[in-house]
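**Q** this is a predicted model, with the sequence first.
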Amino acid sequence: MKIKSAIERIPGGMMIIPLFVGVLINTFFPEILQIGGLTTSLAKGSGALIGAFLVCMGAGINFKSVPKAAKKGLAVTFTKFAIGAAIGVVVARLFGENGFLGLSSLAIISAMTNSNGGLYAALSSEFGDKTDVGAIAIISINDGPFLTMIALGAAGIASFPLLALLGVVLPLIIGVILGNLDEELRSFLLKGGMVLIPFFAFSLGAGLDLKTIVEAGLPGILLGVLTTFLGGFFNILADRAVGGSGICGSSASSTAGNAVATPAAIALADPSLNPLVNVATSQIAAAVVTTIIFTPILTQLVYKYVKRQSVGVE
């Protein structure tokens with residue numbers, strides 16, 4: 001049986017499938033997750049698993065980049081962060097904790113300030129140039145909860161004591177240091193990060209039930225559409241403003257699977273957000289799948305436009 005290849009045929013399968021397996025077990029056979037011992041520790045240990053994951057993913061953040069690639073990466077990363085944070089803040093101010101159409105500011109900021117590095121690498125390699133590919137060294141900074149915490153804290157939506165903030169981002173910082181000190185260690189840790197994804201996804205799913213997922217479905221799809229097309233519009237403008245073609249901006253207009261873990265990680269620092277975590281997690285999971293479908297479509301449209309423009313110039 002080729003289980004791995006079957007899972008990977010589904011967009012974001014290594015995150016989505018284990019998460020929904022956890023959901024199904026928690027919905028219909030929750031007693032299995034309460035059996036005790038290592039089984040319960042694994043099913044309910046998302047915090048430790050996410051911490052290990054952040055160490056591994058932090059190792060992939062490389063600050064060495066050529067100037068043009070860095071300029072593109074900085075422009076797109078800042079714009080993606082600013083737009084996601086701004087929309088989240090507006091929603092929090094106008095609609096409060098319940099959010100807009102069921103989308104909380106926690107879900108919006110977590111999804112819209114994050115991008116799928118693997119998808120970016122694939123799209124920029126296929127449609128962009130070397131500087132588009134190189135920009136991932138900067139764009140990868142938005143992986144994990146760090147920028148989301150900055151946005152939520154600056155907006156006054158959440159309160160993060162210094163030590164709690166440090167406790168959440170320290171694994172990522174450790175990973176960055178280790179990865180930039182040793183190239184072999186970077187490669188080793190990045191492989192470990194991929195292995196951890198289905199485990200913490202299952203653990204997150206084990207804290208949800210089908211009712212929550214169904215309720216989050218349509219808002220989650222809307223969140224994905226906003227991330228790709230609304231956020232993508234500004235990402236493309238930022239890319240072109242620094243001399244890019246727009247491919248870098250469109251390729252970054254997605255939500256990574258690791259963003260599913262962001263609400264839980266943030267709630268560890270500010271427990272007042274705990275009531276929003278389950279719904280936000282479900283909505284982000286739906287947004288991940290939605291952006292995996294729509295971001296390649298947007299990038300292809302930008303590529304065709306750029307190609308037509310270059311032919312017209314000739």
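**A** Cool, the structure landed. In this text, all values refer to a predicted model and were calculated from it rather than measured experimentally.
**Q** any idea how far apart the tips of stretch 99-112 sit?
**A** One end of stretch 99-112 to the other measures 15 Å (CA to CA, to the nearest Å).
**Q** can you tell me the closest non-neighbouring residue to residue 190?
**A** residue 60 (5.0 Å; CB to CB, 6 or more residues apart in numbering). Every residue, glycine included, has its C-beta placed from N, CA and C.
**Q** helix/strand/coil for that neighbour?
**A** Classification of residue 60 using DSSP: H, G, I helix; E, B strand; the rest coil returns coil.
**Q** thinking it is in contact with residue 136, fair?
**A** No: with contacts counted by CB atoms under 8 Å, residue 60 stays clear of residue 136, the gap being 9.0 Å.
**Q** the two: who's more crowded?
**A** A side-by-side neighbour count of residue 60 and residue 136, using other CB atoms under 10 Å, places residue 136 first with 25 against 19.
**Q** for that one, list the residues it contacts.
**A** 73, 117, 120, 121, 124 (CB atoms under 8 Å, 6 or more residues apart in numbering).
**Q** sitting in helices, which of these do you find?
**A** Residues of the contacts of residue 136 located in helices (DSSP state H): 73, 117, 120, 121, 124.
**Q** can you pick out the most distant pair from those?
**A** Maximum pairwise distance among the ones in helices among the contacts of residue 136 (CB to CB): 12.6 Å, between 73 and 121.
**Q** more crowded one of the two?
**A** Between residue 73 and residue 121, residue 73 has the larger neighbour count (other CB under 10 Å), namely 25 against 16.
**Q** nearest residue to that one in space, please, no chain neighbours.
**A** residue 138 (2.7 Å).
**Q** what is the burial count for that neighbour?
**A** Neighbours of residue 138 (other CB under 10 Å): 23.
**Q** over to residue 54?
**A** A total of 28 residues lie near residue 54 under the criterion other CB under 10 Å.
**Q** quick one: it from residue 310, how far?
**A** Distance from residue 54 to residue 310, counting by CB to CB, to the nearest Å: 41 Å.
**Q** equivalent analysis for residue 252, please.
**A** From residue 252 over to residue 310 (counting by CB to CB), the distance is 22 Å.
**Q** sorry, back to before: reformat the ones in helices among the contacts of residue 136 as a markdown table; add distance to residue 197 and pLDDT.
**A** Converted to a markdown table, the ones in helices among the contacts of residue 136 look like this (distance: CB to CB, whole Å; pLDDT from 0 to 100):
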| residue | distance to residue 197 | pLDDT |
| --- | --- | --- |
| 73 | 24 | 82 |
| 117 | 12 | 70 |
| 120 | 17 | 79 |
| 121 | 16 | 70 |
| 124 | 22 | 79 |
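**Q** what is the nearest of these to residue 182?
**A** Of the ones in helices among the contacts of residue 136, the one sitting nearest to residue 182 (CB to CB) turns out to be residue 117, at 20.2 Å.
**Q** quick revisit: neighbour-wise, which of residue 252 and residue 310 wins?
**A** Set residue 252 next to residue 310 and count neighbours by other CB under 10 Å: residue 252 wins out with 34 against 10.
**Q** correct me if wrong: that one contacts residue 114.
**A** No: contact between residue 252 and residue 114 fails when scored by CB under 8 Å: they sit 9.8 Å apart.
**Q** mind listing the shared neighbours of these two?
**A** With CB under 8 Å, 6+ apart, residue 252 and residue 114 have no common neighbours.
**Q** quick one on the thing from earlier: shared neighbours, residue 60 and residue 136?
**A** residue 117.
**Q** can you give me the strands for the stretch 101-250 of the chain?
**A** With DSSP state E, counting those that start in this stretch, there are no strands along the stretch 101-250 of the chain.
**Q** for it, give me the ranges with low pLDDT.
**A** 118, 122, 134, 137, 143-145, 154-165, 168-169, 208, 211-216 (pLDDT under 70).
**Q** just the helices in the stretch 101-250 of the chain please.
**A** For the stretch 101-250 of the chain, applying DSSP state H, counting those that start in this stretch gives helices covering 105-112, 117-127, 130-134, 136-139, 146-154, 162-181, 183-205, 210-225, 231-241, 247-251.
**Q** having no further points to raise, I will conclude here.
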